[in-house]
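**Student:** I would like the atomic coordinates for the input below:
(one chain, ligands or ions: 1)
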Amino acid sequence: MNKTSFLPVDFEWGFATAAYQIEGAVDIDGRGESIWDTFCRLEPTRTNGANGDVACDHYHLWEKDLDLLTRYGAKAYRFSVSWSRIIPFGGRNDPLNEAGIAFYNQLIDSLVMRGITPWLTLYHWDLPQGLQNRYGGWLNVEESQLDFERYARVCFERFGDRVKNWITLNEPWIQSIYGYSTGVNAPGRSSTNEQSEAGDSSTEPWIAGKAQIMSHIRAVIAYNRDFRRQQDGQIGISLNGDYYEPWDSSDSLDWEAAEWRMEFQIGWFANPVFLKKDYPECMRRQLGLRLPQFTHEELALIEEAETDFYGMNYYTSQFARHRNAKPLDTDFRGNLDELQCNREGKQVGEESGLYWLRSCPELFRKHLTRVYRLYGKPIYVTENGCPCPGEDGMTCAEAVNDPYRIRYFESHLDAICKSIHEDEASIKGYFAWALLDNLEWSDGYGPRFGVTFTNYETLERTPKQSALMLRQMFAERQGIILAA
Ligand code: GBH
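**Tutor:** Model (predicted):
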């Protein structure tokens, strides 16, 4: 093992999931509806006819899933809490649901007993439908941030004696853009819709983004003021973001486009959260006042909120090509196109089982290093993974043989090591997405990201080869000798 492939022994690693993608049991034990329940029913074609009513039935089979984690040797497990299980209608004056709290208490207890560190995500896209109905959910910046703060406080109070690692929001970019611009995720609003959920894509995504930024800020302040001293944990946010290279590397406008693309995706949230300043210049320039301003009071809160770490969800990279035409009011990328091939026709990376995901580990390294240099906080990779080519539609016997996924993991761990040792980035943990095959949102149950095969008829779980490989990879890199 060469010196630059080492990882420190305290490097955290494990697997990740999200509530709506695995739990099922949507109307059990007092759970309230979320915007995803509604979205799946509204127009089933949007999710390939799939919904989360049963999913992996993790709500009932959770112990089996923790057995998998034990068997895979995971040090940590990232999961999300369903807001509407804890507060069925969602709001700060609405009643708590003790049965929902009890579910997560037993899950957390069992993790701790197994020696697996819980990493709890408060919000992975499943807003209580009650808040959507009451005031339009994330479009109401004032109300939603106060309701989120109360929900966060309940979780700190009830789980914070055992949970020391908190992620406020998962990918607010996806919630904002997919939920309010393209409309492919709940609540499915878009200018291009003709029916009920027609929205204004020129303004709504930016409002929903601000609501989530302020929600994060308020949860962090609540933790720091009222819980940190006693509980001594850390709190961060998980941001998605591809790395972008110029389409034509001899064109300075394409270099600029690549930078702008990342600012529109990451800087949108990272500027206020980590740099405590306004949105990136290029966003303000293109969007003007459609991008809501922060008031003085909001800026004071932003200034107060210390976020401990940057949660990075990374899957793939692309090329950016600048445009000469004026941007449309509904453009959310910056004034550019994104492509998987560059000007010379070179593919950004090897194809996986999903058309949007190509394996680009060298660019992952650049991404890690860029994010660390810009925002200066320790990075935990909170999601990384892929479906193998052709895996959609494979039988269990075929799918458990997954060398492509093993290579994907190995090469992305190499990138982490290089970023640490050669670029001096601080990277402290890694979560493979996902513990098991699950509901891939609007793509339904086709794409399989799991290290465990899920049979959706019998709900049987079968480990793929990659599941046990990860432990070996970390043991080698951390200099740990595994018992035979
Ligand atoms: C993550 O989102 C999610 O946090 C997780 O829940 C999800 O299961 C996982 O990734 C795997 O997708 O060409 O329009 O089809 C990642 C966000 C969503 C980015 C799908 C790429 C497809 C773009 N990804 N999107 S498109």
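**Student:** Quick check: residues of the stretch 351-484 of the chain near the ligand?
**Tutor:** 356, 383, 433, 440, 449 (Cβ under 6 Å from any ligand atom). (Glycine included, C-beta is placed from N, CA and C.)
**Student:** what about the longest helix in this protein?
**Tutor:** helix 204-226 (DSSP state H).
**Student:** quick one: pLDDT of residue 484?
**Tutor:** Residue-level confidence at residue 484 comes out at 69, pLDDT.
**Student:** Name the member of the residues of the stretch 351-484 of the chain next to the ligand with the most neighbours.
**Tutor:** residue 449 (26 neighbours; other Cβ atoms under 10 Å).
**Student:** Let me know whether that residue touches residue 387 as I believe.
**Tutor:** Yes: taking Cβ atoms under 8 Å as the definition, residue 449 is a contact partner of residue 387 at 5.6 Å.
**Student:** any idea which element residue 416 lies in?
**Tutor:** helix 403-421 (DSSP states H and E).
**Student:** Please pull up the helix or strand immediately following that helix.
**Tutor:** Assigned by DSSP H and E, the successor of helix 403-421 is strand 427-433.
**Student:** circling back to that earlier point, just the buried residues of the longest helix of the chain, please?
**Tutor:** Within helix 204-226, the residues scored as buried using 16 or more other Cβ atoms under 10 Å are 204-224.
**Student:** Give the rounded mean pLDDT of it.
**Tutor:** pLDDT averaged over helix 204-226 gives 99.
**Student:** same for that helix, what does it pack against?
**Tutor:** Packing partners of helix 204-226 (3 or more Cβ pairs under 8 Å, 6 or more residues apart in numbering; DSSP states H and E): helix 141-159, strand 165-170, helix 172-180, strand 234-240, helix 268-270, helix 296-304.
**Student:** List of residues touching the longest one?
**Tutor:** Spelled out, it's helix 141-159. The contact list for helix 141-159 (Cβ atoms under 8 Å, 6 or more residues apart in numbering) reads 81, 83, 86-87, 90-92, 96, 101, 104-105, 108, 120, 122-123, 131, 134-135, 137-138, 163, 166, 168, 207, 210-211, 214-215, 217-219, 222-223, 226-227, 231, 292.
**Student:** Filter these down to the buried ones.
**Tutor:** 81, 83, 86-87, 90-91, 101, 104, 108, 120, 122-123, 131, 134, 137-138, 163, 166, 168, 207, 210-211, 214-215, 217-219, 222-223, 227, 231, 292.
**Student:** Give me the neighbour count for the closest residue to residue 330 other than its chain neighbours.
**Tutor:** Nearest non-adjacent residue to residue 330, counting by Cβ to Cβ, 6 or more residues apart in numbering: residue 201, 4.5 Å away. By the criterion of other Cβ under 10 Å, residue 201 has 23 neighbours.
**Student:** Residue 300 now?
**Tutor:** 11.
**Student:** Repeat that for residue 455.
**Tutor:** Neighbours of residue 455 (other Cβ under 10 Å): 13.
**Student:** So for it, what's the pLDDT?
**Tutor:** The model's pLDDT for residue 455 equals 98.
**Student:** Phi, psi for residue 39 please.
**Tutor:** Taking degrees, to the nearest 10, you get phi -60, psi -40 for the backbone angles of residue 39.
**Student:** on that earlier part again, packing partners for the helix holding residue 416?
**Tutor:** When contacts are defined as 3+ Cβ pairs under 8 Å, 6+ apart, helix 403-421 packs onto strand 358-359, helix 361-375, strand 427-433, helix 465-478.
**Student:** circling back to that earlier point, mind putting the helices and strands packed on helix 204-226 in CSV, mean pLDDT and distance to residue 459 included?
**Tutor:** Shown next, in CSV, are those (pLDDT from 0 to 100; distance: least, Cβ to Cβ, whole Å):
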stretch, mean pLDDT, distance to residue 459
helix 141-159, 99, 27
strand 165-170, 99, 25
helix 172-180, 98, 27
strand 234-240, 99, 28
helix 268-270, 99, 36
helix 296-304, 98, 44
